[in-house]
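In: predicted model and sequence below, questions to follow.
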Amino acid sequence: MLSAGPILMDVNLLGNADGCTGVVLTFDRALDPAHATDARSYVVGRIPPSPSDSGNLLGDIGNILAFAARPKRQPIRAGKVLFSTANYDPTTHAVTLIPRADFKAWKYFRLLRVRGSGPFALLDAQGNPFDGNADGTGGDDLVLHWHTKKGRAARYNDIDGDHVSLSLHGPGKLFVIERTRNDPFPMIFVEKVQANTVLNGKVVQSRSGNGVANIDQLSGISGSAATILNNPQFHVVTVFP
């Protein structure tokens, strides 16, 4: 019988939405370094992954031929992000996936698979396989899906039903990357800002909500330019430059 395995606790993106430089996966316990640093344990891309990720042969041939004609540092093949390394930090139980080149997160960060089964299953330090559905028994994959809202303003509903609105005043672009359902902590990116750019936000409490919008990470804007950081209606976990 399989024992309880590691659980994925958080996902963060490094860089920005137009040029993602890394995907950080944080787990609840120490991992087996040999498996944690094997990039084949993870899949990031924009197409639904099968357990084997074998795909359709004819479609794959077309993608491979198209890939061959692209610059060698192109980080995408057959809809998946190609990673050059997977770095493991045993102090934080975090794996950082480094792509072969920066990629557009708003376009290609659509899904994540962490393997808990098969030859590339992620293992903890005791050898227990990853617990994808967090039911206390390891040995199953996890697949999460995201979508992106972009523009100068964005609206979405928080996990408890609160209505959240964000808006940029001044130059810049706004990206909200959130899970397709039940996302308690979306990721917010602001790009191409200038000195007069300000990010404002508002939360309208629903009957089932608490009036507070949780944001996993805010990237590209900080200080007085990000009014949501001093707004009690928002709880921002991490601010990235």
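Out: Done, it's in. Numbers count the residues shown, from 1 in each chain.

In: tell me the secondary structure for the closest residue to Asp38 other than its chain neighbours?
Out: Closest residue to Asp38 apart from its sequence neighbours, by C-beta to C-beta, 6 or more residues apart in numbering: Phe120 at 6.1 Å. Just so you know, the C-beta spots here come from the backbone N, C-alpha and C atoms, and that holds for glycine as well. On the three-state scheme (DSSP: H, G, I helix; E, B strand; the rest coil), Phe120 is labelled coil.

In: quick one: mean pLDDT for the top strand by length along the chain?
Out: Across the chain, the longest stretch assigned as strand under DSSP state E is strand 142-151. Mean pLDDT, strand 142-151: 95.

In: now find how far off-centre it is within its chain.
Out: 8 Å (C-alpha atoms, centre = their mean, to the nearest Å).

In: helices along this protein, start to end?
Out: For the chain, the helices defined by DSSP state H occupy 33-36, 57-68, 105-108.

In: among those helices, show the one with the smallest mean pLDDT.
Out: helix 57-68 (a mean of 40).

In: for this protein, which residues score under the pLDDT cut-off?
Out: Low-confidence segments of the chain, defined by pLDDT under 70: 1-3, 48-73.

In: go with 90
Out: For the chain, the stretches with pLDDT under 90 are 1-4, 46-75, 180-184, 241.

In: in stretch 153-166, what counts as buried?
Out: Residues Ala154, Asp158, Ile159, Asp160, Asp162, Val164, Leu166 are the ones in stretch 153-166 that count as buried (16 or more other C-beta atoms under 10 Å).

In: quick revisit: helices or strands next to the longest strand of the chain in the packing?
Out: Judged by 3 or more C-beta pairs under 8 Å, 6 or more residues apart in numbering; DSSP states H and E, strand 142-151 is in contact with helix 105-108, strand 111-114, strand 173-179.

In: okay, the ones you listed in TSV with mean neighbour count next?
Out: Converted to TSV, those look like this (neighbours: other C-beta atoms under 10 Å):
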stretch	mean neighbour count
helix 105-108	20
strand 111-114	22
strand 173-179	21
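
In: got TSV for those, with distance to Val198 too?
Out: Below are the helices and strands packed on strand 142-151 laid out as TSV (distance: least, C-beta to C-beta, whole Å):
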stretch	distance to Val198
helix 105-108	22
strand 111-114	32
strand 173-179	12
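
In: out of those, flag the one nearest Leu144.
Out: Leu144 lies closest to strand 111-114 among these, at 4.9 Å (C-beta to C-beta).

In: ok, residues contacting that closest one?
Out: 8, 11, 23, 25, 41-49, 53, 122, 130, 132, 141-146 (C-beta atoms under 8 Å, 6 or more residues apart in numbering).

In: go with 6 Å
Out: With contacts defined as C-beta atoms under 6 Å, 6 or more residues apart in numbering, strand 111-114 is touched by Leu8, Tyr42, Val43, Val44, Pro49, Phe130, Asp141, Leu142, Val143, Leu144, His145.
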